[in-house]
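**Student:** Give me coordinates for this.
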Amino acid sequence: MAAFTGWLVAVSGVHFPGLCSFSEGVSFEDISKLTPLEQWTAVPMLGKAQILLAIGIIEHQSEWKIKPHYMAVGGQPGNLKGLKSFWDPVGFTSKLSAAKLERQRLSEIKNGRAAMIGIISVLIAHNVPGSIPLPINFPAGASFVLPL
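**Tutor:** Predicted coordinates for the structure are as follows:
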């Protein structure tokens, strides 16, 4: 879901105020004027390292600390009980019945699948002329890079 939401934010021009890097003088406004891949390229290396480190910490917490793993015998997709304070710090799910919580988990999995379809659709629509009947003005530039 982060990919699709990130794409929408990247092409909308929405940005934080101020500088992304004080040492290199790169502002969020300057970055927001670029296409999504150019935005990633414009982020200084230390910023990229911070983003990847944050993702790595979240992945570590969700993939290696929760036992049994959601794909192993006894595991349950969407059951992040080990990360409850991370993804639900306010406690919205604390009073839900088991059946309601199961329904919410299923909804979250379906939303994730819809977001995957969404990001693939955006990439296809941007790169295959005439693939959608709607006239959408995508930002100029490549939306993804093919491996060499």
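**Student:** following the helix or strand bottoming out on mean pLDDT in the chain, which helix or strand shows up next?
**Tutor:** Using mean pLDDT, DSSP states H and E, helix 84-87 stands out as the lowest-scoring helix or strand of the chain, at a mean of 62. Going down the chain from helix 84-87, the next helix or strand is helix 98-127, by DSSP states H and E.
**Student:** Now do that next one, average pLDDT.
**Tutor:** Here helix 98-127 scores 84 as its mean pLDDT.
**Student:** Alpha carbons only: can I get the helix or strand where V9 lies in CSV?
**Tutor:** Per DSSP H and E: V9 is located in helix 2-12. These are the backbone C-alpha positions of helix 2-12, laid out as CSV (Å, rounded to 0.1, in the frame of the first residue of the first chain):
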residue,chain,number,x,y,z
ALA,A,2,2.9,2.3,0.6
ALA,A,3,4.0,2.0,-3.0
PHE,A,4,0.7,3.2,-4.4
THR,A,5,0.2,5.9,-1.8
GLY,A,6,3.8,7.0,-2.4
TRP,A,7,3.3,7.2,-6.1
LEU,A,8,0.2,9.4,-5.7
VAL,A,9,2.0,11.7,-3.3
ALA,A,10,5.0,11.8,-5.6
VAL,A,11,3.0,12.9,-8.7
SER,A,12,0.7,15.3,-6.9
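**Student:** now for it, which elements pack on it?
**Tutor:** Helices and strands touching helix 2-12, by 3 or more Cβ pairs under 8 Å, 6 or more residues apart in numbering; DSSP states H and E, are helix 36-42, helix 98-127. Quick note: C-beta positions are derived from backbone N, CA and C, even for glycine.
**Student:** Next one, pLDDT for L19 please.
**Tutor:** In this model, L19 is scored at 91, pLDDT.
**Student:** For it, list each beta-bridge partner.
**Tutor:** Note on L19: beta-bridge partners S27, judged by DSSP bridges.
**Student:** Could you list the low-confidence segments of the protein?
**Tutor:** Within the chain, the stretches with pLDDT under 70 are 77-87, 134-148.
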